[in-house]
Structures are given as structure tokens and as C-alpha cells.
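[1] Just need the structure, nothing else, for what follows:
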Amino acid sequence: MLNFIYYPVSFILWCWHWVFGHVFGESSGFAWALSVVFLVFTLRALLFKPFVGQVRSMRKMQAFAPEIQKIKKKYPNDKQRQAQEMQKLQAEHGVNPLGGCLPMLVQIPVFIGLFHVLRSFKPGWGEVYFFDAQGVESFVNAKLFGVNLSTFITMPADQLAQFGTERTSVLYVAIPLMIVASIATHFTARHSVARQTQAAAENPQTAIMNKLTLYIFPLGVLVGGLFFPIAILLYWLSNNGWTLGQQYVVYHRIDREEAAKKEAVVEKRQALAPRPGAKPKPGAKPAAAPAKKVQDTPPSDEQAGNGKPSTEIPGLSPDRSPSKKQGNKKRR
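    Numbers count the residues shown, from 1 in each chain. Got it, this is the predicted structure:
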């Protein structure tokens with residue numbers, strides 16, 4: 001039913017086993033372990049670009065998280081209107097919520113496919129997808145620190161006997177892998193949560209998801225390790241190791257890009273700002289003129305202290321007015 005998943009997964013695993021089999025030997029446990037690890041690396045390398053898009057979308061969504069809260073407060077009882085406004089907001093900011101889920105969605109079928117393929121590697125099963133009977137027998141006989149990669153802690157005793165492995169040996173190998181994989185899961189989640197803004201972290205839904213990724217998922221690795229084959233634990237460990245390193249590289253790269261953009265904006269503003277002593281550019285509003293200083297005038301009689309206002313007009317004698325002077329001229 002899921003052969004479209006099983007065949008590609010088994011093909012990539014076959015290719016890497018062909019490479020490492022020539023180095024360590026076809027039935028070497030190290031060859032098979034490295035094949036599983038590089039299967040993970042191949043998948044994650046193909047998903048590197050979508051992961052970068054996921055991080056950028058996350059950054060944009062954190063930037064307009066306050067606007068989302070405003071929409072929820074504005075339409076508290078209208079979920080349909082909330083969804084419409086959020087879709088409009090995401091479209092304005094160029095954010096695709098499904099694009100951020102792509103890397104995780106792709107890893108799920110790969111995990112299922114690898115789990116099924118490895119569980120199919122049993123003694124006497126013949127061909128398994130891209131592996132012929134000789135390849136299956138090579139995997140069955142391969143041991144890593146005395147343990148077959150298909151064995152797990154809770155495997156029935158009769159099946160362990162078919163692989164020629166003791167449960168104690170499985171415990172010695174599986175438990176350290178479970179612990180390291182759980183710790184890697186926790187630190188991967190912690191590194192991602194640390195990049196969130198304060199507004200995003202205060203969101204109740206985000207807070208719940210943070211607790212799940214920080215504590216519940218690592219605990220799930222410990223519990224699931226009881227039922228996962230050694231090869232799946234290797235897959236989980238290498239996947240989280242790649243994720244942690246990839247986050248460090250991508251986050252620092254985006255931080256440098258954002259810092260460069262901010263620096264460019266500051267430099268542009270400084271370049272457009274007028275220099276001290278420079279003439280204003282055409283079209284710029286002139287600065288307000290300073291207020292003129294009022295010249296001092298001689299004090300009047302009233303100001304001098306005689307108590308009478310001055311009625312003198314400049315150019316005329318005190319006892320003659322303009323009207324009298326004009327009247328005398330007419331009489332003559």
C-alpha cells in the first residue's frame with residue numbers, strides 16, 4: 001500500500017550501503033549504521049531550502065504576532081472572521097503557513113518507511129524491496145557492538161535467539177542511544193524556542209507547544225526507545241544532530257542578513273541627512289527666522305516720571321499744530 005514510500009527509502013539505503021560496504025565490508029555493522037545515518041543526511045540535505053523558508057516564515061509570523069492578537073480580541077466569538085483576517089494578514093506579509101510544515105511532514109513518511117523496511121529484514125525472508133536475499137542476509141548477520149540493528153529491548157526472546165543476540169547486549173547499546181537521542185531532542189527544541197520573540201512566547205498556544213517539544217517529545221523518545229530497533233534509534237539521533245547543527249547555521253545566517261539590512265537603513269538615513277553648515281536642498285522648508293531684537297527708544301515724559309503723557313510730534317514745535325499752520329497760509 002505504501003510502496004511509493006518503501007521503495008525510495010530502501011533505494012537510498014541500498015546506495016549508501018553499497019558505498020560503505022566497499023569500505024568496511026558488506027556484513028559490517030558500521031557499514032549498515034553509516035548507511036542509516038547518511039540516509040538521514042540525504043533527506044535533510046534535500047529539505048535544507050524548505051527549512052530556510054520555514055525559519056523565515058516563523059520570523060515573519062513572530063513579527064506580526066501582536067496584530068494576530070488584535071484580530072482575536074476584535075472578533076472573539078467569530079472564528080470564521082478570525083481565519084479570514086489571519087489569511088489576509090499572512091498574504092500581506094508573504095507568509096505561507098503550510099510551507100513551514102513541509103520539512104516535518106516529509107520526515108514522517110520517511111520514518112515510517114525506514115521502520116517498515118528494517119522490520120522486514122528478518123532471517124530467511126528473501127528479497128525486501130531494493131535488497132535481494134543476499135543483502136537481507138547481510139543485514140541480518142551484521143552486528144554493531146555485538147547487537148543486530150533490527151533488535152530492540154522489548155523484542156521477544158525467540159526472535160532475539162534468531163538473530164543470535166542477547167537482551168543484555170541490546171540494553172547496553174540501546175539505553176545510551178535512547179538517552180543521547182532524548183537529550184538531543186531537548187536541546188534542539190530549546191534552541192528553537194530561544195529564538196522566539198517575547199510576544200510569541202506569551203501566546204498560550206505557543207507556550208503549550210513549547211512545553212511539548214521541550215519535555216514531552218524527549219520523554220517520548222525514551223519510552224519509544226523500548227520498542228524501536230537500534231537502527232531507528234540511530235536514525236533519530238542523527239536526525240536531531242543534523243537539525244541542531246542546521247538551526248545554528250541557518251539562524252546565524254539570517255541574523256547576519258537582518259543586521260546588514262538594519263545597517264543599510266541607518267547608512268541611508270545618514271546619507272540623506274543634511275551635513276552641518278550645508279545649504280538646504282530645493283523644496284525643503286526653510287527654518288523659522290529668529291525674532292528681531294526691539295531697538296531701545298528714549299523714555300517718554302510719563303516713563304521719565306513727570307506723570308504727563310507726551311504730545312510732541314517730531315518736526316513740530318510744542319505750541320503749534322498742523323491745522324493752525326495750514327490756516328495761516330490761507331489768510332495770507
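
[2] where do the helices sit along the stretch 51-200 of the chain?
    Secondary structure of the stretch 51-200 of the chain by DSSP state H, counting those that start in this stretch: the helices cover 65-74, 79-93, 97-120, 133-141, 157-163, 167-193, 198-201.

[3] number of nearby residues for residue 57?
    Look at residue 57: counted by other C-beta atoms under 10 Å, it has 20 neighbours. In this view, the C-beta of every residue, glycine as well, is placed from N, C-alpha and C.

[4] If you average pLDDT over each of the helices of the stretch 51-200 of the chain, which is lowest?
    Per-stretch mean pLDDT for the helices of the stretch 51-200 of the chain is lowest at helix 198-201 (a mean of 57).

[5] Quick check, central residue of the chain?
    Centroid-nearest residue in the chain: residue 55, 3.3 Å away (criterion: C-alpha atoms, centre = their mean).

[6] how about the nearest residue to that residue, chain neighbours excluded?
    Excluding its sequence neighbours, the residue lying closest to residue 55 (C-beta to C-beta, 6 or more residues apart in numbering) is residue 250, at 5.5 Å.

[7] Helix or strand for the one you found, just tell me which one.
    Using DSSP states H and E, residue 250 maps to helix 230-272.

[8] cool, and residue 222?
    helix 217-224.

[9] if we look at that helix, which residues are touching it?
    Residues outside helix 217-224 that contact it (C-beta atoms under 8 Å, 6 or more residues apart in numbering): 178, 179, 181, 182, 183, 185, 186, 189, 236.

[10] When you filter these down to buried only, what's left?
    Buried by 16 or more other C-beta atoms under 10 Å: 178, 181, 182, 185, 186, 189, 236, out of the contacts of helix 217-224.

[11] With distance to residue 170 as extra columns, can I get those residues in TSV?
    Listed next are the buried ones among the contacts of helix 217-224 as TSV, based on distance: C-beta to C-beta, whole Å:
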residue	distance to residue 170
178	11
181	15
182	17
185	21
186	24
189	28
236	16
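
[12] Would you mind getting the angle between the helix holding residue 250 and helix 217-224?
    Orientation check (axes from the mean of the first three to the mean of the last three C-alpha atoms, to 10 degrees): helix 230-272 against helix 217-224 gives 170 degrees.

[13] So which other helices or strands are in contact with helix 230-272?
    Helices and strands touching helix 230-272, as assessed by 3 or more C-beta pairs under 8 Å, 6 or more residues apart in numbering; DSSP states H and E, comprise helix 29-46, helix 48-63, helix 97-120, helix 167-193.

[14] Quick one: work out the angle between the longest one and helix 217-224.
    Using the same axes, to 10 degrees, the direction of helix 167-193 lies 170 degrees away from that of helix 217-224.
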